[in-house]
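> After the sequence you'll find the predicted model.
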Amino acid sequence: MLDDKFAYLSLALLYMLAWLGVYRYTPWKSGMVKVGFIGGIMGVIAEVWYFRDYWRPPTLFSEGGVVGIEDFIIGFALFGVSGYIHSAYTKKKIDYEKEAPARNLHFFILFLLGSGSLTLFSIGLGFHSGYVTFITFFLLSVYIWIQRPDLISISIQSAFLTLGISFLIYYINFNLLFPHFWDEYGMLERPLLGYRILNIPLSEMLWHFTWAMLCSMFRGYRNGVYYKEV
């Protein structure tokens with residue numbers, strides 16, 4: 001039996017395998033790597049919200065509740081997989097005959113709104129970060145859908161593809177390797193959050209589904225990129 005300190009690292013490395021699968025087929029490899037480093041930083045920052053009430057996983061160098069290298073690795077992987085999976089496994093290509101001005105300011109405002117929502121409702125008002133997170137991701141996705149309805153199909157396809165990958169990874173990690181993990185280190189004993197499917201918290205699948213829904217549109221929305229079927 002593996003020591004619990006390897007559970008989070010195992011999860012992160014499994015996602016890196018998924019990252020490699022996407023990286024192999026995406027035509028935008030350099031962009032995927034650059035986005036990954038931003039994701040790694042955000043993976044570290046995000047624990048400000050999640051250590052409070054969501055989970056406190058042990059890491060290689062701590063007993064839990066302390067940021068570890070695992071946070072960077074999984075953030076790196078999740079930004080890459082969710083943001084680029086549509087480019088690797090769908091037939092959508094960039095439509096160079098149609099483009100819009102870059103929305104850097106709008107994108108920055110969305111980032112502030114997302115971070116502000118998590119801080120205000122989770123830390124400030126005491127709502128569970130699990131609920132706040134996937135509701136925030138969903139509402140931000142809808143906001144982009146309204147402005148760019150052409151990105152809806154990419155958003156939904158990416159969400160389901162990422163959900164499938166995440167379900168497989170979680171099944172391996174939390175059924176075959178560390179089946180007691182969520183009982184020991186999760187704080188999900190609430191309606192919906194604590195419900196499990198094959199020992200996988202529904203809240204985790206909602207997190208990955210809504211995150212991919214949102215993240216997959218970043219490139220198209222921020223850079224004014226349109227896509228076409230080939």
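Arrived safely.

> I'd like to know which elements the helix or strand bottoming out on mean pLDDT in the chain is packed against.
One helix or strand of the chain scores below all others by mean pLDDT, DSSP states H and E: strand 92-99, with a mean of 78. Judged by 3 or more Cβ pairs under 8 Å, 6 or more residues apart in numbering; DSSP states H and E, the packing partners of strand 92-99 are strand 225-229. (Glycine included, C-beta is placed from N, CA and C.)

> Off-centre distance for the strand it packs on?
In terms of Cα atoms, centre = their mean, to the nearest Å, the centre of strand 225-229 is found 23 Å from the chain centre.

> circling back: how far off centre is the least confident helix or strand of the chain?
Distance, centroid of strand 92-99 to centroid of chain: 26 Å (Cα atoms, centre = their mean).

> and that strand, which residues are buried?
Within strand 92-99, the residues scored as buried using 16 or more other Cβ atoms under 10 Å are Lys92, Ile94.

> Which helix or strand lies directly C-terminal to that strand?
Sequence-wise, the next helix or strand downstream of strand 92-99 (DSSP states H and E) is helix 104-117.

> following that following helix, which helix or strand comes up?
Scanning onward from helix 104-117 (DSSP H and E), the first element met is helix 129-147.

> contacts for that following helix?
49-50, 52-54, 110, 113-114, 117-118, 121-122, 151-152, 155, 188, 190, 192-193, 203, 206-207, 209-211, 213-214, 217, 221 (Cβ atoms under 8 Å, 6 or more residues apart in numbering).

> ditto for stretch 9-23
Residues contacting stretch 9-23 (Cβ under 8 Å, 6+ apart): 2, 29, 32-33, 36, 59-60, 69-70, 73-74, 76-78, 80-81, 84-85, 88-89, 165, 169-170, 172-173, 177-178.

> Same check on stretch 201-213?
With Cβ under 8 Å, 6+ apart, stretch 201-213 has contacts from 78, 81-82, 85, 130, 133-134, 137-138, 141, 155-156, 158-163, 166-167, 170, 182, 186, 188, 192-197.

> How about stretch 81-99?
15, 18-19, 21-28, 31-32, 35, 154, 157-158, 161-162, 165, 208, 211-212, 215-216, 218-219, 224-230.

> now, which of those lie within helices?
Of those, the ones assigned to helices by DSSP state H are 15, 18-19, 21-25, 31-32, 35, 154, 157-158, 161-162, 165, 208, 211-212, 215, 218-219.

> Just the buried subset of those, written out for PyMOL, thanks.
To isolate the buried members of the ones in helices among the contacts of stretch 81-99 in PyMOL, using 16+ other Cβ under 10 Å:
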select buried, resi 15+18+19+22+23+31+32+35+154+157+158+161+162+165+208+211+212+215+218+219
